[in-house]
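Engineer: Pasting the sequence and the predicted model now:
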Amino acid sequence: MNANDKRIKKILDSTKVIACVGVSSNRIRPSYFVLRYLYFKNFRVIPINPVYAGEILFGEKVLSSISEIDPEIKVDMLDIFRKSEAVLPIVEDALKHLRKLKTIWMQIGVHNEEAARLASQQGLEVVQNKCPKIEYQRLFGELRMAGFNTGVISSRLILN
Amino acid sequence: MADTESYGFDTLQIHAGARPDPTTGSRQTPIHQTTAYVFRDAEHAAALFNLQEVGYIYSRLTNPTVAVLQERIATLEGGVGGVCCSSGHAAQIMALFPLMSPGCNVVVSTRLYGGTVTQFSQTIKRFGWSAKFVDFDDLSAISEAIDENTRAIFCESIANPGGYITDLDKISEISDKALIPLIVDNTSATPYLCRPIEHGATLVVHSTTKYLTGNGTVTGGCVVDSGKFDWASSNKFPSLSEPEPAYHGLKFFETFGPLAFTFFGIAISLRDLGMTMNPQAAHYTLCGIETLSLRMDRHVDNAEKIAKWLEEDSRVEFVSYAGLKSSPYYERVKHICPRGAGGLFTFGVKGGYEACIKLVDSLEIFSHVANLGDARSLIIHSASTTHRQLTREQQEAAGAAPDTVRVSIGIESVEDLIGDLDQALAKATA
């Protein structure tokens, strides 16, 4: 496994709670797909989207903003489903309110170097233009079932 | 997607995609001879059918043995994923199917395997698709052939029947500019000699029947996606960018990003066209692919020695092999396939058509078969067999003229192969 794959695997291994900005309650939208998947992989997911505020998704109430997250909840990762230009204030908001935050994750197609720099300077891990569902499926072997290049090579026996 | 550059080719050809079997510890990949797979529960089944989770449903779509081969080939090619299917011809349809619709065309090289020429010039018309054949050394002709209905450019890296190397770097500049994918058939080269994705290819197709299996046991094909094409950059690829009615309006590219083409291959193309690779075939190819690099080095070494010997022989009219200094494509080999020009080439025998037929009939070690990429040496008179359906002009353009034979040089002792050709040439030109 190369260095970046190791880093991403470590992020996913050490994450328990994921707040997600821009989630949709439309069942065929990618954001719904991703959150549903992570929920079934036993991550606690906190959906954020003012459009759906108050609805219940994956056992959690959809919040309007990051500042509404209960300060008692230790959020490890912020997953961003917004256009690249909208990312900076979201990251600023997260750095202000989520004191235990360890990772800023921007979805496929989402990049923001300024926001990435800001988060990195404060000691956070930053992942851009990737999907945590795809990376989880790849690095933990699930994508192997459909013929994807996982980059994972091992001759160790891992019994089911 | 995965940066596996930290492993060498020889390691990947043995290990990529495989792991010790998690229930038994079996070291070699088991042959999963099963049609269907048990779901954990109703929720799991629903998630699989909705493409929300990846897993096995039914062997028309995915199979654990076939999946190992898919990941192996995708990794060797440097792509994000691969879909195996029943033959190289099936792979070509699998590559085009997500891109094309009635009225669309593909711009293709004239230097192709004869069966591909027939598939593209005749059979695909029944889908309402068409192909425009162009000399791929004429770059402006390629650009001119592309119109608003063109959905792909298609060529072979080392073209069968041999002697020609496509300048993939130049061709991919044209496809990039036109915002259409470049599909490269890499069967004759294999990823050991040429990695088309590094030269700008979007998709790579294989007949796994040939060098990847390496011993002429099973037929198979594979489509590898580079994961680099933006299918939403225009409205030309609605299968990938627009809502899919069969999956509740899901958009493949939006949902799966760089994995979209491969997911489409499984969820739509294999599901509904059904040209699936069976697990036995995958097993044979997995066994063969473990020694790919070793075999290709020997194929190339033998081919170079035999081509040089033939070129100096007065009974031989010409030798068309890009590994010879006399070839106009000799310089191209260094850029496109630096480890060698492959094991496939053509030569002409003095005495024309009759002498070619006599040569083929006089050989003892070379087998007269319609195949290539076998451990054994093979010969065929293309004009009367593989390229028989073509017109004289098409035959000439493909390098399969009536006075030409094609050899696929095997990995036997090279002196025995030269000896066999020597005695057969004596009879053919007596």
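Structural biologist: Received the coordinates, thanks. Just so you know, these numbers come straight off a predicted model, no measurement behind them.
Engineer: near chain A, which residues of the stretch 1-150 of chain B?
Structural biologist: Within the stretch 1-150 of chain B, the positions near chain A by CB under 8 Å from any CB of the partner chain are B:1-7, B:11-12, B:15-17, B:19-20, B:22-23, B:25, B:27, B:47, B:52-56, B:62, B:64, B:66-71, B:74-75, B:79-84. Heads up, the C-betas are built off the backbone N, CA and C, glycines and all.
Engineer: Now with 7 Å, please.
Structural biologist: B:1-4, B:6-7, B:15-17, B:19-20, B:22-23, B:25, B:52-56, B:62, B:67, B:70-71, B:74-75, B:79-83 (CB under 7 Å from any CB of the partner chain).
Engineer: In contact with A:Val126, which residues?
Structural biologist: Residues in contact with A:Val126 (CB atoms under 7 Å, 6 or more residues apart in numbering or on different chains) are A:104, A:116, A:119-120.
Engineer: what number of residues lie near residue 68?
Structural biologist: Went with chain A since none was named. A:Glu68 has 14 neighbours, counted by other CB atoms under 10 Å in any protein chain shown.
Engineer: you looked at the wrong chain, it should be chain B
Structural biologist: If we define neighbours as other CB under 10 Å, then B:Val68 has 25 of them.
Engineer: doesn't B:Leu286 make contact with it?
Structural biologist: Yes. Between B:Val68 and B:Leu286 there is a contact under CB atoms under 7 Å: 6.2 Å.
Engineer: Return every residue with contacts to both of these two.
Structural biologist: With CB under 7 Å, 6+ apart, B:Val68 and B:Leu286 have common neighbours B:Thr29.
Engineer: picking up where we left off before, out of the contacts of A:Val126, who's nearest A:Leu143?
Structural biologist: A:Ile104 (23.8 Å; CB to CB).
Engineer: Now do the same contact list for the closest one.
Structural biologist: So A:Ile104 contacts A:78, A:91, A:119, A:124, A:126 (CB under 7 Å, 6+ apart).
Engineer: Could you find the closest non-adjacent residue to it?
Structural biologist: A:Ala119 (4.4 Å; CB to CB, 6 or more residues apart in numbering or on different chains).
Engineer: Most neighbours among the contacts of A:Val126, please name it.
Structural biologist: Of those, with other CB under 10 Å as the count, A:Ile104 tops at 26 neighbours.
Engineer: same question for the helix or strand that residue falls within, mean pLDDT?
Structural biologist: Taking DSSP states H and E as the definition, A:Ile104 sits inside strand A:103-106. Averaging pLDDT along strand A:103-106 gives 98.
Engineer: Report the secondary structure state of B:Asp361.
Structural biologist: Under the three-state scheme (DSSP: H, G, I helix; E, B strand; the rest coil), B:Asp361 adopts helix.
Engineer: ok, for B:Thr386, nearest residue in space, not its chain neighbours?
Structural biologist: B:Gly114 (4.5 Å).
Engineer: Count the residues that sit near that neighbour.
Structural biologist: Around B:Gly114 there are 22 residues (other CB under 10 Å).
Engineer: Ramachandran coordinates for the closest residue to B:Val80 other than its chain neighbours?
Structural biologist: Once flanking residues are discounted, B:Val80 sits nearest to B:Gly227: 3.3 Å by CB to CB, 6+ apart. Main-chain torsions, B:Gly227, degrees, to the nearest 10: phi 70, psi 10.
Engineer: Please apply the same query to B:Ile183.
Structural biologist: Here B:Ile183 shows phi and psi, under degrees, to the nearest 10, equal to phi -110, psi 130.
Engineer: is it in a bridge, and if so with what?
Structural biologist: Beta-bridge pairing for B:Ile183 (DSSP bridges): B:Phe154, B:Leu203.
Engineer: Chain A against chain B: which residues are in contact?
Structural biologist: A:2, A:4-5, A:28, A:30, A:33, A:36-37, A:108, A:131, A:134, A:137-138, A:142-151, A:153-155, A:157-160.
Engineer: Show me those residues that map onto strands.
Structural biologist: Nothing among these maps onto strands, per DSSP state E.
Engineer: could you flag which of the residues you listed are buried?
Structural biologist: A:5, A:28, A:30, A:33, A:36-37, A:108, A:131, A:134, A:137-138, A:142-151, A:153 (16 or more other CB atoms under 10 Å in any protein chain shown).
Engineer: Okay, now the unreliable bits of chain A?
Structural biologist: Scanning chain A for pLDDT under 70 picks out A:160.
Engineer: the helices in it, which residues?
Structural biologist: A:3-13, A:30-40, A:87-97, A:113-121, A:132-139 (DSSP state H).
Engineer: Can you check which of those gets nearest to B:Thr150?
Structural biologist: helix A:30-40 (29.5 Å).
Engineer: the inter-axis angle of that closest one versus helix A:3-13?
Structural biologist: Note on geometry: by axes from the mean of the first three to the mean of the last three CA atoms, to 10 degrees, helix A:30-40 and helix A:3-13 are set 70 degrees apart in direction.
Engineer: packing partners for helix A:30-40?
Structural biologist: Applying 3 or more CB pairs under 7 Å, 6 or more residues apart in numbering or on different chains; DSSP states H and E, one finds that helix A:30-40 makes contact with strand A:17-21, strand A:44-48, helix A:132-139, helix B:252-256.
Engineer: Could you dump those into CSV and include distance to B:Gly410?
Structural biologist: Shown next, in CSV, are the helices and strands packed on helix A:30-40 (distance: least, CB to CB, whole Å):
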stretch, distance to B:Gly410
strand A:17-21, 56
strand A:44-48, 57
helix A:132-139, 38
helix B:252-256, 41
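Engineer: Which one, of these, ends up nearest to B:Val108?
Structural biologist: Going by CB to CB, the one of those nearest B:Val108 is helix B:252-256, 24.8 Å.
Engineer: Return the set of buried residues in that closest one.
Structural biologist: Here helix B:252-256 shows B:252-256 as buried, counting by 16+ other CB under 10 Å.
Engineer: show me which of these neighbour chain A.
Structural biologist: Answer for the buried residues of helix B:252-256 near chain A (CB under 7 Å from any CB): B:254-255.
Engineer: Centroid-nearest residue for the chain?
Structural biologist: Reading this off chain A. A:Asp79 (3.5 Å; CA atoms, centre = their mean).
Engineer: The intended chain is chain B.
Structural biologist: Centroid check for chain B by CA atoms, centre = their mean gives B:His206 as the closest residue, at 2.5 Å.
Engineer: is it true that that residue touches B:Thr213?
Structural biologist: No. At 10.2 Å, B:His206 does not count as touching B:Thr213 under the criterion of CB under 7 Å.
Engineer: how about the strands of the stretch 201-350 of chain B, start to end?
Structural biologist: B:203-207, B:221-225, B:243-244, B:250-251, B:316-320, B:344-349 (DSSP state E, counting those that start in this stretch).
Engineer: now for the second one, which elements pack on it?
Structural biologist: Judged by 3+ CB pairs under 7 Å, 6+ apart, the packing partners of strand B:221-225 are helix B:64-77, strand B:81-85, helix B:88-96, strand B:203-207.
Engineer: Could you check the angle the longest one makes with strand B:221-225?
Structural biologist: Interaxial angle of helix B:64-77 relative to strand B:221-225 (the same axes, to 10 degrees): 50 degrees.
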